[in-house]
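Undergrad: Output the structure for:
(2 chains)
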Amino acid sequence: MADRAGPQARPGDWVLIHNVVLPAGSRAHGVPPETQAVPLEMRVKGFLLDGPALPGETVSVRTLTGRVVRGSLVAVNPPIPHDFGSPVPELQTIGPELRRRLRGDRP
Amino acid sequence: MSGTGRAGRARDLSYEAVMARRAEILRRSTGIDYESFRRGRFAFDYEAMMAHTGYSLEETLAIQAEANVGRTPLLELRNLTRLVRTAAPSGCGARIFIKDEAANPSGSFKVRRAALSVHEAARKGYPGVIAATSGNYGAAVASQAAARNLPCIIVQEVFDSRGVGQPEILEKTRACEAYGAEVVQLTVGPELFYVHLTLLEETGYFNASLYTPFSVSGIETLGYEVVQDTRRLTGRAPDVVVITHAGGGNVTGTARGLARAGATGTLVVGASVDLRGLHMASDRDFNRKSFTTGHTGFGVPFAVWPDRADVVYNAARPLRYLQRYVTVTQGEVFYITEALAQLEGLERGPAGNTSLAAAVALARELPEEAILVVQETEYTGAGKHPTAQLTFARANGIEIRRGDPAGNRPGSVIVIPEDIEQVRVTDVSLDELRRSYLRHAWQAAGGEIGPEDRAFFAADLRTSGAFVDETLAALAASR
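TA: Numbering: from 1, shown residues only, chains lettered A, B, ... in the order given. Below you'll find the model as predicted:
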């Protein structure tokens, strides 16, 4: 299997692209100033239609519904970024505390 | 920008031009002729809209059964009930039951809504479905679309301008993709609706909005089942049903289902996480939230002006049904989520446990023989878990400590209770929300509100005509 983790994307690679939908200052009326000051950005994934391409280059992708979308290449095979975080000390003693209470023990 | 529509003619894709085509896009993408229900400047025939465009309870039950949706177990939380009784006055501490909606395909009650929307899309021959949602509803629509072999796009608000994503929403992106949906991820802002409209126009897909009659009537089976299950287990209908309130569909659909099952004496209580002070359209506040749903940032605006949604007339109208509305803090919900896992062996939520946190406080006030039902759970996963959400909060500068939740400050301090007595609810005045609703209407109408609108407002706010007239008179006097 070819290594798909490199920065250069090849046709058919699963990639993330980015584009600006509304530039800063052209946002909807009524949004707070800190939102008005930044663009509305979009990220979409799909299979690369052109290439080879490097991050930052404008490319086209075919999305999972078959739409063709153009944008700036961000990443090839982007990882799933979220996780369970770290154990939280403020939560860790709750279970024992509540079980003790149900048993009727004094704290 | 310009593009080519399905009809082949060039379309103006500027923000203003697309928003100006809103009504026509929504009519085509829902198949609902909303104008036919109009009765005044604001008034519309709500029950006719629900009856003529939704599905009957019998049809809904059949559609959902075919989609393997619903008929989830109602579980008695015996240890949590015992725990509450250790903190309640003698003879108090209601029996707490929970409807384990996490057992549904895609892991939440939202699939009840999605089942009808996707069924309607398939029946009408739409080539696909789109939903604008950053919550569990996205995965629900994606799951139902997958089962019907329909293409699906979910539009989500995921990132702030630094590109930092909310972990709960990143998980929902992953879940939608797991069911084969295309996910369009956006940064913060209400213009998500504009992108939603452009996609509806580009694709000709069905708008599986959270706010159509399909979506809301899909939840009626949940209220109906709650009553059937409770009768089977206890011999009678619940005394209180607690419902996590955000966009309003959960309250509306559940309450309608309770009524259909004949539970006329059941108190309908809505509960939201208190995020007051955080602006929902703020790029800065976005990642200072530690809950992305079930909170007042949706709960209050959608109660006081339901027709802000991505449809012409919102079928979710919480003030028609709420008999009490309470808030809890983020820390209380994390605490109760931990209690549910540690005492009952049920790892669920956390956002769906908003109503459970409120229920624990409410059960203390009720007699031991009272039956209190929490009508949902939701699945737990990476990103949507107390450790994930609190790790993220800490990384965004939020202080987390044990203590009295009275010290909670949305966006800066999360206080995890030290004991069960500290889990409390704060009542939100329904009359204040009703007055806020009427203020919106009064401002939108420039002060001119006719008799058909006044009668509609009384029904829409579950109040008297006199309350409506007095509030509008006070607004006119303060002009």
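
Undergrad: Only C-alpha atoms from now on, for both contacts and neighbour counts.
TA: Noted.

Undergrad: Can you list phi and psi of residue 77 for me?
TA: As the question left the chain open, I've gone with chain A. Main-chain torsions, residue A:77, degrees, to the nearest 10: phi 50, psi 60.

Undergrad: That one is in contact with residue A:15, isn't it?
TA: Yes: under the criterion of C-alpha atoms under 8 Å, residue A:77 makes contact with residue A:15 at 5.4 Å.

Undergrad: So these two - more neighbours on which side?
TA: Ranked by neighbour count (other C-alpha atoms under 10 Å in any protein chain shown), residue A:77 and residue A:15 place residue A:15 first, with 25 against 18.

Undergrad: What does the pLDDT read for that one?
TA: For residue A:15, the pLDDT comes out at 98.

Undergrad: Pretty sure it sits in a strand.
TA: Yes: judged by DSSP: H, G, I helix; E, B strand; the rest coil, residue A:15 forms part of a strand.

Undergrad: In chain B, where is pLDDT below threshold?
TA: B:1-9 (pLDDT under 70).

Undergrad: run the last query once more with 90
TA: Within chain B, the set of residues satisfying pLDDT under 90 comprises B:1-11, B:52-55, B:277, B:289-294, B:297-298, B:307-312, B:446-448, B:478-479.

Undergrad: now chain A
TA: A:1-7, A:51, A:104-107.

Undergrad: now the helices for it?
TA: For chain A, helices defined by DSSP state H occupy the ranges A:33-36, A:89-92, A:94-103.

Undergrad: what about the last one and chain B, any contact?
TA: The one in question is helix A:94-103. Yes: contact of helix A:94-103 with chain B (C-alpha under 8 Å from any C-alpha of the partner chain) involves A:94-95, A:98-99, A:101-102.

Undergrad: From the contact counts, what lies against that helix?
TA: The contact analysis (3 or more C-alpha pairs under 8 Å, 6 or more residues apart in numbering or on different chains; DSSP states H and E) places helix A:94-103 against helix B:78-86, helix B:330-344.

Undergrad: Most tightly packed of those helices?
TA: Highest mean neighbour count of the helices and strands packed on helix A:94-103: helix B:330-344, a mean of 24 (counted as mean count of other C-alpha atoms under 10 Å in any protein chain shown).

Undergrad: Distance from the chain centre to it, please.
TA: Computed by C-alpha atoms, centre = their mean, to the nearest Å, the chain-centroid distance of helix B:330-344 equals 21 Å.

Undergrad: coming back round to it: let me know which of the helices of chain A is the nearest to residue B:297.
TA: Proximity to residue B:297, assessed across the helices of chain A by C-alpha to C-alpha, is greatest for helix A:33-36 (16.6 Å).

Undergrad: re the thing from before, a markdown table for the helices of chain A, including mean neighbour count?
TA: Formatted as a markdown table, those follow (neighbours: other C-alpha atoms under 10 Å in any protein chain shown):
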| stretch | mean neighbour count |
| --- | --- |
| helix A:33-36 | 18 |
| helix A:89-92 | 15 |
| helix A:94-103 | 16 |
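
Undergrad: So which of those is nearest residue B:276?
TA: Ranking the helices of chain A by proximity to residue B:276 (C-alpha to C-alpha) places helix A:33-36 first, at 18.3 Å.

Undergrad: Keeping just the C-alphas, turn the closest one into CSV.
TA: The C-alpha trace of helix A:33-36 is given here as CSV (Å, rounded to 0.1, in the frame of the first residue of the first chain):
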residue,chain,number,x,y,z
PRO,A,33,-18.1,42.4,16.3
GLU,A,34,-15.7,39.6,17.0
THR,A,35,-17.6,37.4,14.4
GLN,A,36,-17.9,40.3,11.9
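
Undergrad: thinking again about what came up before, what would the helices of chain A look like in a markdown table with distance to residue B:25?
TA: What follows is the helices of chain A, written out as a markdown table (distance: least, C-alpha to C-alpha, whole Å):
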| stretch | distance to residue B:25 |
| --- | --- |
| helix A:33-36 | 26 |
| helix A:89-92 | 48 |
| helix A:94-103 | 51 |
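
Undergrad: I'd like the helices and strands packed on helix A:94-103 laid out as JSON lines, including distance to residue B:428.
TA: Listed next are the helices and strands packed on helix A:94-103 as JSON lines, based on distance: least, C-alpha to C-alpha, whole Å:
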{"stretch": "helix B:78-86", "distance to residue B:428": "23"}
{"stretch": "helix B:330-344", "distance to residue B:428": "16"}
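
Undergrad: Against which helices or strands is the helix or strand hosting residue B:472 packed?
TA: Using DSSP states H and E, residue B:472 maps to helix B:465-477. Contact analysis of helix B:465-477 by 3+ C-alpha pairs under 8 Å, 6+ apart lists helix B:430-445, helix B:451-460 as its packing neighbours.

Undergrad: What are the boundaries of the helices in the stretch 201-350 of chain B?
TA: B:213-217, B:220-234, B:249-260, B:296-304, B:330-344 (DSSP state H, counting those that start in this stretch).

Undergrad: Tell me which of those helices is the most buried.
TA: It is helix B:213-217: most buried of the helices of the stretch 201-350 of chain B by mean count of other C-alpha under 10 Å, with a mean of 29.

Undergrad: Could you measure from residue B:165 over to chain A?
TA: Residue B:165 sits 9 Å away from chain A, going by C-alpha to the nearest C-alpha, to the nearest Å.

Undergrad: For residue B:275, find the nearest of the helices of the stretch 201-350 of chain B.
TA: helix B:296-304 (5.6 Å).

Undergrad: what about that closest one and chain A, touching?
TA: No: judged by C-alpha under 8 Å from any C-alpha, helix B:296-304 and chain A are separated, with a smallest distance of 14.6 Å.

Undergrad: wait, isn't residue B:145 in contact with residue B:152?
TA: Yes: counting by C-alpha under 8 Å, residue B:145 touches residue B:152, with 6.3 Å between them.

Undergrad: which residues are in contact with both of the two?
TA: Both residue B:145 and residue B:152 are contacted by B:128-129, under the criterion C-alpha atoms under 8 Å, 6 or more residues apart in numbering or on different chains.

Undergrad: Looking only at neighbour counts, state which of those two leads.
TA: residue B:152 (30 against 27).

Undergrad: which residues does the more buried one contact?
TA: Going by C-alpha under 8 Å, 6+ apart, residue B:152 touches A:65, B:128-130, B:141-142, B:145-146, B:180-182.

Undergrad: Could you pull up phi and psi at it?
TA: phi -140, psi 130.

Undergrad: related to what we said a few turns ago, tell me the two of the residues of helix A:94-103 next to chain B that are most distant?
TA: A:94 and A:102 (12.3 Å).

Undergrad: That concludes my questions; thank you for your assistance.
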